[in-house]
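J.: Show me how the following folds:
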Amino acid sequence: MVFVDSSALKANYDAGDDYHNSAAKLMYKIAARETDVTSFITTDYVLDEAVTLTRFAHSHRKAVELADATLASKFMRIVYCDENLFSEGMQIFKQHHDKEWSLTDCVSFATMRKYGLRTAFTFDAHFKQFGLATIP
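T.: Predicted coordinates:
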């Protein structure tokens, strides 16, 4: 299982995104079972961010398509942020005042820690700064 970030979700659905080809290539490999990745986990915060970014970078229609596909996916588990996860994310956020990490990034890091995940499908360098592996 791999954590998926908003940058990857958006890139996959927005053909105008700089990382679209890389995201689409990885998704093709997953569908063709040419990689070890078999499922994803993300958060409602990440989905919110991806939908919003897609809405403003592309279109409302494409943002809805991204949301519907993510919510309906058999390969995607969405973790809804509760008080504990929010608190852990906020603690990471407070501790790293020297980084330009968003609260969504920090909740993502807390989620990955909670589920024992070490790899994220992302184009965001913040995950590597936190010490995580990234794909593609």
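J.: quick one: Ser87 from Lys99, how far?
T.: Ser87 is 19 Å from Lys99, where distance means Cβ to Cβ, to the nearest Å. Using the backbone N, CA and C atoms, a C-beta is placed for each residue, glycine as well.
J.: Number of residues surrounding Leu117?
T.: Applying other Cβ atoms under 10 Å, we find 17 residues neighbouring Leu117.
J.: Confirm that it sits in a helix.
T.: No - Leu117 is assigned coil when assessed by DSSP: H, G, I helix; E, B strand; the rest coil, not a helix.
J.: Now do the contacts for it.
T.: Met1, Val2, Phe3, Ile41, Thr111 (Cβ atoms under 8 Å, 6 or more residues apart in numbering).
J.: Adding neighbour count, write those residues out as a markdown table.
T.: Listed next are these as a markdown table, based on neighbours: other Cβ atoms under 10 Å:
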| residue | neighbour count |
| --- | --- |
| Met1 | 14 |
| Val2 | 25 |
| Phe3 | 25 |
| Ile41 | 19 |
| Thr111 | 21 |
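J.: Could I have the CA atoms of the lowest-mean-pLDDT helix or strand in the chain written out in CSV?
T.: Ranking every helix and strand in the chain by mean pLDDT, DSSP states H and E puts helix 20-31 at the bottom, with a mean of 90. Coordinates of each C-alpha in helix 20-31 appear next as CSV, following Å, rounded to 0.1, in the frame of the first residue of the first chain:
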residue,chain,number,x,y,z
HIS,A,20,0.8,14.4,-15.9
ASN,A,21,2.8,12.0,-18.1
SER,A,22,4.7,10.6,-15.1
ALA,A,23,1.6,10.1,-13.1
ALA,A,24,-0.3,8.6,-16.0
LYS,A,25,2.6,6.2,-16.7
LEU,A,26,2.7,5.0,-13.1
MET,A,27,-1.1,4.5,-13.1
TYR,A,28,-0.9,2.5,-16.3
LYS,A,29,1.8,0.3,-14.8
ILE,A,30,-0.4,-0.3,-11.7
ALA,A,31,-3.4,-1.2,-13.9
